[in-house]
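Undergrad: here are the coordinates; sequence isn't available:
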């Protein structure tokens, strides 16, 4: 039995998914990175290939740094 591999949920990308992130956490970062999701609205997890995960991870890091500055 071979398990079906998931593909990246970014529009026009057909690479194999390497990481999964929550839509709530990554939604803003995806918009800021000028990427478009090719999935339904009710999806709670987003599958990302290594290339797109790297882009989103950098954006999430920037967002966390800004949040920390707000704390004080």
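TA: On my side now, so go ahead. In this text, all values refer to a predicted model and were calculated from it rather than measured experimentally.
Undergrad: Report the separation between the spatially most central residue of the chain and residue 44.
TA: Closest to where the C-alpha atoms of the chain average out (CA atoms, centre = their mean) is residue 26, at 5.0 Å. Per CB to CB, to the nearest Å, residue 26 is found 11 Å from residue 44. In short, each C-beta sits where N, CA and C put it, glycine included.
Undergrad: And residue 12, by the same measure?
TA: 22 Å.
Undergrad: now do residue 32
TA: For residue 32, the distance to residue 44 - CB to CB - is 20 Å.
Undergrad: Now do the contacts for residue 22.
TA: Contacts here follow CB atoms under 8 Å, 6 or more residues apart in numbering; on that basis residue 22 touches 44, 45, 46.
Undergrad: From these, keep the buried residues only.
TA: Neighbour counting by 16 or more other CB atoms under 10 Å classes residue 46 among the contacts of residue 22 as buried.
Undergrad: which one of the contacts of residue 22 sits closest to residue 4?
TA: Ranked by distance to residue 4 (CB to CB), the contacts of residue 22 are led by residue 45 at 15.8 Å.
Undergrad: wait, isn't that closest one in contact with residue 20?
TA: Yes. Residue 45 sits in contact with residue 20 when judged by CB atoms under 8 Å, with a separation of 5.0 Å.
Undergrad: Quick check: neighbours shared by the two?
TA: Overlap between the neighbourhoods of residue 45 and residue 20 is empty, taking contacts as CB under 8 Å, 6+ apart.
Undergrad: Just the terminal-to-terminal distance for stretch 7-27.
TA: With CA to CA, to the nearest Å as the measure, the ends of stretch 7-27 fall 18 Å from one another.
Undergrad: can you pull the buried residues of it?
TA: Neighbour counts over stretch 7-27 (16+ other CB under 10 Å) mark 8, 9, 10, 13, 17, 19, 21, 23, 26 as buried.
Undergrad: just to revisit the earlier point, doesn't the residue nearest to the centre of the chain fall inside a helix?
TA: Yes. The assignment for residue 26 by DSSP: H, G, I helix; E, B strand; the rest coil puts it in a helix.
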